[in-house]
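K.L.:
The sequence and its predicted three-dimensional model are supplied below.
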Amino acid sequence: MTVTSEEKVEGSSEPEGMSLTKLLRPLSDRKESVRPFVPWIGGPRLYMLLLYAAVVIGSAIAFFMSQEIWYGNWEVYNTYVFAVSGLFLLFGILLLFNVKPVIPDKGVSTLLPFPKTVIGQIGLILTVASLALLIVVGPNTGGLSVILSMLFVAGFVMVVMASKAIDDRDSLVLAMFGTGLILMLLVPVHEAFDVGRSAPGEYPFSAMNLPLFAGGMTLAVLALQFIRTRDGIFAAWLLGAMGLFLVAFHEQIGIIPTDSADQYDRMVATIGFTFSFVPLAMYVWREKEYMWLWSRLKAANSLIRKGDFAGALKHANAALEQCLELGVSKRFALPWSLKADALYALREHSKAKTCYEMALEIDSGDGISWCQLGNIHALDGKRALALSAYDKAIKMDSNNAHAWNNKGVIFVSLAWPEEAMVCFNKAMLLMPDNFDAHINLAKMCARLGRHDEAVMHFQHALEINPGSPIAQNGLDKQFLVGQRIDQIRGWEQLGLDTRPLWTLLREDPVNFDRRSKEFLSSIVDQRTQVTVGTGREKMNVNDVIKTILSVTEKSGATLEKIEKDTELPKDQLVLPMALLMKTDRLHFRQTGDRDIYVSKGKAPDKPTTPRPLRKKKEKPRKEEKKPEKKKRFSRKKDTDDDADIEPTASVLVFGRRKR
């Protein structure tokens, strides 16, 4: 068996598009720091952030520019800000912690000094305890309120760090971001509580405040540059929004209430607004980048379906460059798979192999890439590796008809026909319209001498691809071989020595018909003087011929039926049967149950109607989609060399990985 690298595009009439609903981020999703992952777009987080922007921008305008609107109604306004900011923090925490459990990447060391569970517990205790103490003793003490306020923020930072949506690296960056916020918030808080207050005219640029504010801002800005996931950016927004909540909280519980927005309140609010809006803008920008990424992947997929593999490769490379900029090139498998698909179709198998291996390193559960990698190993003659890859593809998806078919190809090359037949039959049952499975079954049946079944599968292959010369040539050849074998077996049942005919079929099939007539002539010459019974009377050959023609007039008859009606034994039927077949007035044909029939007329040189497929009964599947609807492109070979078994490419689908 020789596996060739000739591919043929097989796309459906309408390219499969990208479903936006499948790309929207669900309420509960895997964290983005693991691999493999899907860069979801939109979803509850984005909607909440946009709502926050709309609500808080209005609050900021009222807070900084239109104070006359709420003078005299400060308590109402403060209550509104307190409730709104508190609700955003609550819903943000719920969304951040509402992620599906995942298995950590193997080999990744823990960067945090303590397990996240411990950090989260410590943070929760600090948050609750400092909040309770602020409510109880905060209004009566200044210096302690400063400490409790900072512990409240620090505890909240630790709680956010402990989210399983955040990986260890981003947790460390968030700790840096939170530290920067605490240093900046410490400036207006300690001033408001009259702890180390600046001299008149020096606030906030005093010797103590300036290093705190500048150092905190530097830490926060730098930290934002190193957050690599949207989960981390979302967490940074939560920490920034805490500053806005802190202003309203202090006023609400009566810690040095001013009944207006003094300079200290405005500075705390400014920090909260600024360092919540910057992560918000980063998050929205990342959404835009992911949307652009998906548009590239959609274009690559569409071009692959249309056969423009060079254009698809261009878009796949652009998508990979974008992934590299976003820091997800080693966590998102689909761009690598699409690039590999394009390279595979362009017959650049070495490069395609590298890309498939990268995709599988990211997502080892991608059965389609395993199947394609197996194809490349098969083309390279690495049959053990190819079998292993096909087995993994089948393990990921036992309904992958192409993996079953190609596994059968390898078994053929290993001279394991029984195993190959099992694989080809499985592929045909999973995808009844699989051209290659029918071709392979036809060729295997022909090799095993099951020519009747070979004809059946060639017929169905020709129905699937009417213009296929390999199916047509195989059908014609196997039908003629089957007809010739039927003639030989018919003479065998009449008791003749058919070894010369078997030798003729094996050594000179082209001249079989002409030379078989010579064989019949020799029979006629030898049996012309045959007598019936004891030899007292000659057999009336004409009467026997008339009887045989009468019996076989309609749908034919078995030899037993002819014996019964002519009242002659089989050896006495040789002469009239030979005379009739020499003149093409009768022919033998074999039925599916292996009975030999004698039919009127010359043996047909081509089949008439397709014979029905024999399918194993299977339990009905509810609303099962036809596998061929998933196709992006399929690999086929259509040549006259019917000695080769047909390998196929695996089915490729945009956004096809099941997660």
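P.N.:
On my side now, so go ahead.
K.L.:
domains of this structure?
P.N.:
40-102+109-289, 307-479, 486-530+538-600 (automatic domain parsing).
K.L.:
Run the chain-centre distance for the shortest one.
P.N.:
In other words, domain 486-530+538-600. Here domain 486-530+538-600 is found 58 Å from its chain centre; the criterion is Cα atoms, centre = their mean, to the nearest Å.
K.L.:
Over to the first one?
P.N.:
Centroid separation between domain 40-102+109-289 and its chain, computed with Cα atoms, centre = their mean, is 41 Å.
K.L.:
Show me the one of the domains of the chain that comes nearest Leu297.
P.N.:
Evaluated with Cβ to Cβ, the domains of the chain place domain 307-479 nearest to Leu297, the distance being 5.4 Å. (C-beta placed from N, C-alpha, C; glycine too.)
K.L.:
Tell me which helix or strand comes right after the strand or helix carrying Ile233.
P.N.:
Using DSSP states H and E, Ile233 falls within helix 230-253. Where DSSP H and E defines the elements, the next helix or strand beyond helix 230-253 is helix 263-306.
K.L.:
Output the contacting helices and strands for that next one.
P.N.:
Applying 3 or more Cβ pairs under 8 Å, 6 or more residues apart in numbering; DSSP states H and E, one finds that helix 263-306 contacts helix 44-64, helix 168-192, helix 209-226, helix 230-253, helix 309-326, helix 334-345.
K.L.:
average pLDDT across that helix?
P.N.:
Mean pLDDT, helix 263-306: 89.
K.L.:
oh, and call the first residue 287 from now on, that's how I've got it
P.N.:
Yep, numbering from 287; the last one is helix 549-592 now.
K.L.:
Lowest mean pLDDT among the helices and strands of this structure, which one is it?
P.N.:
strand 817-818 (a mean of 46; mean pLDDT, DSSP states H and E).
K.L.:
about what we covered before: could you tell me the least trusted of the domains of the chain?
P.N.:
domain 772-816+824-886 - the lowest mean pLDDT of these, at a mean of 78.
K.L.:
Figure out the length between the terminal residues of that one.
P.N.:
By Cα to Cα, to the nearest Å, the extent of domain 772-816+824-886 from end to end equals 14 Å.
K.L.:
OK, contacts around the residue lying closest to Gln538 once chain neighbours are set aside?
P.N.:
Excluding the flanking residues, the one nearest Gln538 by Cβ to Cβ, 6 or more residues apart in numbering is Phe368, at 4.9 Å. Each residue near Phe368 by Cβ atoms under 8 Å, 6 or more residues apart in numbering is listed here: Phe531, Ala534, Phe535, Glu537, Gln538.
K.L.:
just the strands in the stretch 787-936 of the chain please.
P.N.:
Counting by DSSP state E, counting those that start in this stretch, residue ranges of the strands within the stretch 787-936 of the chain are 817-818, 823-824, 843-844, 872-876, 882-886.
K.L.:
you'd agree Val708 is in a helix?
P.N.:
Yes - counting by DSSP: H, G, I helix; E, B strand; the rest coil, Val708 is located in a helix.
K.L.:
what's the neighbour count on Gly597?
P.N.:
16 (other Cβ atoms under 10 Å).
K.L.:
State the distance from it to Thr365.
P.N.:
In this view, Gly597 and Thr365 are 59 Å apart by Cβ to Cβ, to the nearest Å.
K.L.:
and Val445, what does it touch?
P.N.:
Ile379, Gly406, Gly409, Leu410, Thr413.
K.L.:
so which strand or helix has the first one?
P.N.:
Assigning secondary structure by DSSP H and E places Ile379 in helix 360-383.
K.L.:
next structured bit after that helix?
P.N.:
Following helix 360-383 toward the C-terminus (DSSP H and E): helix 402-423.
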